[in-house]
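# Sequence and predicted structure below; questions after.
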Amino acid sequence: MRKLFIPIILLLMSSMYGVSVQSTTINQNKLSLEWNLGEYSVNATSEKNIIKLDEKNQEDIRWNVHGYNLPQYSKLVIVPEQCEVKLTVTNVNKSPYSDINLLSNPAEERLPFPKSAVRISKVYKYKGLRFCSIAITPVEYDAKSETINVIEDAMIDIEFVKDSSIKVSEFKLSADDIKMYKNQSINPNFINTRAFNEEGYYVIIYNSDPQNNNFLNAIHKLQNWKKMCGYKVRTINTYQNGDTFNEIKATLVDGYNTWDMPPKWICLVGDTNSYPIPPNYENFTYNMVAGDYQYTMLEDDDNFPDAYIGRLSIQNASQLLSLVDKIISYEKDLFIPDSSYLNNTLLVGDPADSGSSTVIAVEYIQDYINEYAPGHNNSLITGGSIENQMSSAINLGVSTLFYRGFAGISGFTGYHANNLLNVRKLFFGAFITCHTNVYNDPYSDSVCESLLRVGSSTAPAGAIGVVGASSETHTCLNNILIEAMAEAIYIDDNNTMGGSLDYGKLQLIRNYPHNPTSFVDQYMQCMNLLGDPSVRIQRKQLTLTVMESVDYISNNDNYLTILYRDLAGNPIPNATASITDNLTVLSGKTDDEGHYTFNLSTLSGSIVQVICKKDEFFTSEKALEIIDTSEGVTVSSTETESPIMAGSTFDLGITLNNGTGETLENCSITIEGLKVNNSPTAEISIFENFTAFITIPIELDNSVYYNETVNLTLNLSSDQGDYSSTLSIIENSIKFGPLTINSDADDFISPTAITNINVQLEAETFFNFDLIAVALNTDNSEITVLDEPQHISLSYSNSSVNLSYAVSASSEIAPGTVVPFTLTFEKTGTNYSKELTFNLQVYTGELDYPTGPDNFGYLCYSNLDSGPVAPAYEWFDISPTNLAETNTFEFDNINSNGGGASEVVSLPFPFYYYGETFNNITLCTNGFVMAGVSDSYDWMNRAIPGPGVPNPLVAPFWDGLLYPYSTNGVYYYHDEPNNRFIIQWNAVSKFNPNINEIFQLVIMGTDYYPTISGYNAFQFNYNTINNCDLGSYGTFYVSHGEYATIGITSPDGHDGLEYTFSNEYDLNSQAIQNGTSLLFVPELVTSTPNSGQDTNQVTDAIIGNFPNPFNPETTISFTTKEQGKVQLDIYNIKGQLVKNLTNEIIK
């Protein structure tokens, strides 16, 4: 059964709430949860001042007990489009406990808390995704009657009520967005990954008198450059449209709802005094905070941004022009001829005030950089004259600067910024600590403003962009923000300045979901970017490039094709290609072969400017002259009677004008194009000043998509001379989509029965088509599509087609597996073939499943799961009092929060982990080990996988742990008879020395516990566990809390299996309690552990199978030491017997 155990410290007595949250129904109309509370106890005492209600709204707070907050179950619920949510709680069973007074002050208002034990939030929106959160608190307190009610069980229904008035958003979630929300939601299959329109406006907002030509010229220069970079640009002058915060935001909200594309990038131009663009001011618990973030909340004021934002903080037109030139130079030609300084990075961790976690944070960033660009020159500063070291490093040239320290930036001031000499060596800086970016101060510039403004148009210096805080900040939130920003830049390729900051802010929500003391809200407001949010941060030396094209353009040419490549001849795909005549800007993206074709019909003038640019490559630029060639052969019109269909051949009728002034005899005509095949030659003659009509068969390549413009060149060779002209055609066959997908298994795939997948397909065409074969396929070898391709016919107009396919799943498929499907459309008699994709998730509604798998294939089984793979709880105490020959990790007493120690230990056997082999592990006092050699001892546990994680992580209980007593310690021991390596932590909670945390990691040798792949299995055992501590987030003292992180991550940190974090569990996870064991295996285990007591008989030593994975067969190999009876059984992932392969005497 899926269970969630919530530990509570209540009135100085440790009680254990064992909660079962069973999902009984999940479909597009309803989500039903069955809540059940296991064994528990409530212990009262006459002491006062034990539990105190915060001063915040009592509906939203959490209990506070000696620094421990009462944990609650909370998860995201994905809400279908055009639906609202309705919460119904029935069959509630409560048990009352009386005579309990929890108020420290008799005068306090005696309101019941919480108002509702089961609460659901409003519906939030993020890039088109609609979601809410559900929270369940198992204890209600009525202060008037001095009674606690414990909720023992209940039925919870979340109904999705259709509301057609709700706008369907037209945005696209990134892969990182999808991953993050799937990991945190109850119903992740509701996330619709269909292709939305990802484009949006680049909006420039400024405040200037229309007569201020110098200022407006700089604005127009920025506007034209961003167009050349491929952006659609709109400008808003608040001088004419309202200049208060509310008026400006109202304009943006109106644009979000009514423009043809919403705002995507918001660039504020001006500081808060000169050319003022006001920030939003918000009063938090400890600070009045200024920030621009509220401008990005365009659907709801819900902390989730709907656009990226940055500010060009300038005081006059001269500063603006200098900054605009700095942006253009950085994105265009700053690095010519030498960009080698981009291989340098400056990392500063000053532990003087905020402790060693500042150093740990930048060391994580160093790991990200080394993974992105091995051999990068990373300068790490952790002490000494930090301000002078920073100035020297910046002047030599760095691509990025990450600072973690304290207010004052270790003595680096505006004076140092204004005297930098890093001319043409601009950098991006993140100064994540208190008061580094108080850009709203009317009396002085912040350091971030000075860094942005330094330099001139001809000698750009300082920073291209900086992130800093406009208010007080706190250490633990600073660390995750800067770590996440670096992860976005170097690992997730989200290296726009605005995008990296927003990623960091969203990771704050993920790692601090309880929003302690409203600090997450405050950080959203106070961390601001000074700079252009769309600028991509250059991270390493650029690759030299070439742009190839014709040397001039004819005024009769309809198009221009360019090729963007590197010096080795390799094409550069997905680069921005732009052309302008100084009035009109056209842009697009190069294809896989590095080509892009411009439609020239809207351009004029005598010269056009063409550029190609892409991150990590030099920008190429070319000026082309437009030459008058009107006295020649031109195409006046084209026509066709049949569809212009990709993958097919059709007759193209062409009308030619002869403007040469003479008859052209013996003309040979051919058609050429990048996506045209086998065009034959036409032989004609064209009289002087006459037209001629020809028909040429055209075979169009299947790669052409619906409504794509295909540009062609007509070449004419005659006795009188050679001529060429351009023309274009548009693929106009069939527009497929959207798809509506459901199944008869509540929109999932069942592994226990045949599932019928129903597809409703919308199609649009202007022709009649028949014999279109539609096949359903998947590349998942454990899913079989049982139906043959189905044939459909489409008629002129919009068509709706209903299809149904039966699929079956292997009994070994892991629950929760997301299966990709492809619908392939093929037209009989042609090469036409198009695809649409969708995903469905495997689910059965049954219980006792393992957690996982992750992408590599690790599964986690609890001893409360069923089946032969589920582990048995076993505690082999290796502490010195029980085992004299144990090894003790020697370290100084760790008896205060914010510390730790680590030690590298050699293993007695290889540890095969995530496809790599390790002979050492690094033990850490804070409840985890790392495969391999490291020196991390980080006590600030995080959500995994994600930023700020000491990879490769094996974490039985990652948290801040203390060792104040002689009975505390970290021990390790090689259990040779069973060939297993055991690490044991005897620690106490960091906030209460009377709360013990005693647990183990057991790494099993592959001969003791063989697996199919040969990778080691390992087990977490919990003897005494109290996962109950949260941090303190006061004004001047900050202690990182969060409930422990339990799980594993891969060496590169991109993959992992999170069993629990922040006391939140996957619905397949059994919650941790005393006597819990968790077994991690890299796939379905084929045998049980050898006891080690009889080494002369190996009854089930399976070497493995090959190939793996396999389709349709595999060979399983095994050995025995002597003749005997061998029984070989195959089990599925749920522990059910699939087949007995052998049960006989074998030599």
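Now that the structure is in, tell me what you want to look at.
# Which parts of the stretch 551-700 of the chain are strands?
Shown for the stretch 551-700 of the chain, the strands assigned by DSSP state E, counting those that start in this stretch span residues 552-554, 559-566, 576-580, 585-589, 595-599, 607-613, 620-627, 633-639, 649-658, 664-672, 676-677, 682-686, 691-700.
# and those strands, which is most packed in?
Most buried of the strands of the stretch 551-700 of the chain, by mean neighbour count (mean count of other CB atoms under 10 Å): strand 576-580, with a mean of 23. Backbone N, C-alpha and C define where each C-beta goes, glycine included.
# could I get the strands of the stretch 551-700 of the chain as TSV with distance to residue 264?
Shown next, in TSV, are the strands of the stretch 551-700 of the chain (distance: least, CB to CB, whole Å):
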stretch	distance to residue 264
strand 552-554	32
strand 559-566	24
strand 576-580	15
strand 585-589	15
strand 595-599	22
strand 607-613	19
strand 620-627	26
strand 633-639	36
strand 649-658	39
strand 664-672	38
strand 676-677	35
strand 682-686	47
strand 691-700	34
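# Of the ones you listed, which is nearest residue 464?
Among the strands of the stretch 551-700 of the chain, strand 607-613 comes nearest to residue 464, with 15.3 Å by CB to CB.
# Please state the offset of that closest one from the chain centre?
For strand 607-613, the separation from the chain centroid amounts to 34 Å (computed by CA atoms, centre = their mean, to the nearest Å).
# Make 19 the first number, not 1, from now on.
Will do, 19 is the new start, and the previous item becomes strand 625-631.
# picking that back up, closest to residue 427 out of the strands of the stretch 569-718 of the chain?
Residue 427 lies closest, by CB to CB, to one member of the strands of the stretch 569-718 of the chain: strand 625-631, at 33.0 Å.
# so residue 638 makes contact with residue 630?
Yes. With contact defined as CB atoms under 8 Å, residue 638 and residue 630 form a contacting pair (4.8 Å).
# between these two, what contacts are shared?
Jointly contacting residue 638 and residue 630 under the rule CB atoms under 8 Å, 6 or more residues apart in numbering are 563, 565, 582.
# can you pull the contacts of the last one?
Okay, so that is residue 582. Counting by CB under 8 Å, 6+ apart, residue 582 touches 563-566, 589-590, 593, 595, 608, 612, 614, 630, 632, 638.
# Across the sheet, point out what pairs with it.
residue 565 (DSSP bridges).
# got a pLDDT number for it?
Residue 582 is assigned a predicted lDDT (pLDDT) of 96.
# so how far is residue 711 from the closest residue to residue 163 other than its chain neighbours?
Spatially, and ignoring its direct neighbours in sequence, residue 163 is nearest to residue 116 (7.3 Å; CB to CB, 6 or more residues apart in numbering). Residue 116 sits 98 Å away from residue 711, going by CB to CB, to the nearest Å.
# Would you list the buried entries among the contacts of residue 582?
Buried subset of those (neighbour count, 16 or more other CB atoms under 10 Å): 563, 565, 590, 593, 595, 608, 612, 614, 630, 632, 638.
# Surely the fourth one is in contact with residue 635?
The reference is to residue 593. Yes. Counting by CB under 8 Å, residue 593 does reach residue 635; the two are 7.1 Å apart.
# who does the strand or helix carrying residue 1002 pair up with?
Per DSSP states H and E, residue 1002 falls inside strand 998-1007. Here strand 998-1007 is paired, per DSSP bridges, with strand 979-980 (antiparallel), strand 987-993 (antiparallel), strand 1014-1022 (antiparallel).
# In CSV, list the C-alpha atoms belonging to that strand.
The C-alpha trace of strand 998-1007 is given here as CSV (Å, rounded to 0.1, in the frame of the first residue of the first chain):
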residue,chain,number,x,y,z
ARG,A,998,29.1,-6.3,1.8
PHE,A,999,30.4,-3.0,2.9
ILE,A,1000,28.4,-1.3,5.7
ILE,A,1001,28.5,2.4,6.7
GLN,A,1002,26.6,3.4,9.9
TRP,A,1003,25.8,6.9,11.2
ASN,A,1004,25.0,7.4,14.9
ALA,A,1005,24.1,11.0,15.1
VAL,A,1006,21.7,13.5,16.6
SER,A,1007,19.4,16.1,15.0
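# chain center to that strand: distance?
Counting by CA atoms, centre = their mean, strand 998-1007 comes out at 33 Å from the chain centroid.
# do stretch 366-385 as well
Stretch 366-385 sits 24 Å away from the centroid of its parent chain (CA atoms, centre = their mean).
# now stretch 1039-1048
Remark: stretch 1039-1048 is offset 30 Å from the chain centroid, using CA atoms, centre = their mean.
# For it, give the mean pLDDT please.
Rounded mean pLDDT across stretch 1039-1048 is 82.
# swap in stretch 659-670?
90.
# domain parsing for this protein?
Domain assignment for the chain by automatic domain parsing gives 22-208, 219-548, 563-645, 651-743, 752-859, 877-1099.
# between these, which one is nearest to residue 1148?
That would be domain 752-859 among these, by CB to CB, at 8.4 Å.
# low-confidence ranges in the stretch 119-268 of the chain?
For the stretch 119-268 of the chain, the stretches with pLDDT under 70 are 119-133, 145, 161, 186-202, 207, 210-216.
# Then the stretch 569-718 of the chain?
By pLDDT under 70, the low-scoring segments of the stretch 569-718 of the chain are 648, 696.
# Also the stretch 819-968 of the chain?
Short version for the stretch 819-968 of the chain, where the test is pLDDT under 70: 832-834, 862-867, 884-886, 911-916.
# want to throw the domains of the chain into JSON lines with distance to residue 554?
Compiled in JSON lines, those are given as follows (distance: least, CB to CB, whole Å):
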{"stretch": "domain 22-208", "distance to residue 554": "15"}
{"stretch": "domain 219-548", "distance to residue 554": "5"}
{"stretch": "domain 563-645", "distance to residue 554": "5"}
{"stretch": "domain 651-743", "distance to residue 554": "27"}
{"stretch": "domain 752-859", "distance to residue 554": "29"}
{"stretch": "domain 877-1099", "distance to residue 554": "20"}
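# buried stuff in stretch 838-848?
Under 16+ other CB under 10 Å, the buried positions of stretch 838-848 are 839, 841, 843, 844, 845, 848.
# residue ranges for the helices of this structure, please.
Ranges of helices in the chain, per DSSP state H, are 193-202, 231-246, 256-259, 263-276, 335-350, 369-372, 375-390, 404-414, 432-436, 465-471, 493-508, 515-529, 537-544.
# Ok, which of the ones you listed comes nearest residue 450?
Among these, helix 493-508 comes nearest to residue 450, with 4.3 Å by CB to CB.
# Show me what the closest one is packed against.
Contact here means 3 or more CB pairs under 8 Å, 6 or more residues apart in numbering; DSSP states H and E; on that basis helix 493-508 packs against helix 375-390, strand 418-422, strand 445-449, helix 515-529, helix 537-544, strand 1056-1057.
# closest one to residue 888 among these?
Closest to residue 888 of the helices and strands packed on helix 493-508 is helix 515-529 (CB to CB; 30.0 Å).
# Against residue 307, how distant is the nearest residue to residue 551 once chain neighbours are set aside?
Leaving aside its sequence neighbours, residue 551 sits nearest to residue 516 (CB to CB, 6+ apart; 2.7 Å). In this view, residue 516 and residue 307 are 19 Å apart by CB to CB.
# Then residue 318?
20 Å.
# So the two - more neighbours on which side?
Between residue 318 and residue 307, counted using other CB atoms under 10 Å, the more crowded position is residue 307 (24 against 13).
# can you pull up the bridge partners for the more buried one?
Beta-bridge partners for residue 307, by DSSP bridges, are residue 300.
# quick one: contacts for the residue nearest to residue 705 when sequence neighbours are not counted?
Computed as CB to CB, 6+ apart, the closest residue to residue 705 that is not its neighbour in sequence is residue 681, at 5.0 Å. Counting by CB under 8 Å, 6+ apart, residue 681 touches 703, 704, 705, 706, 738.
# Appreciated, that's everything.
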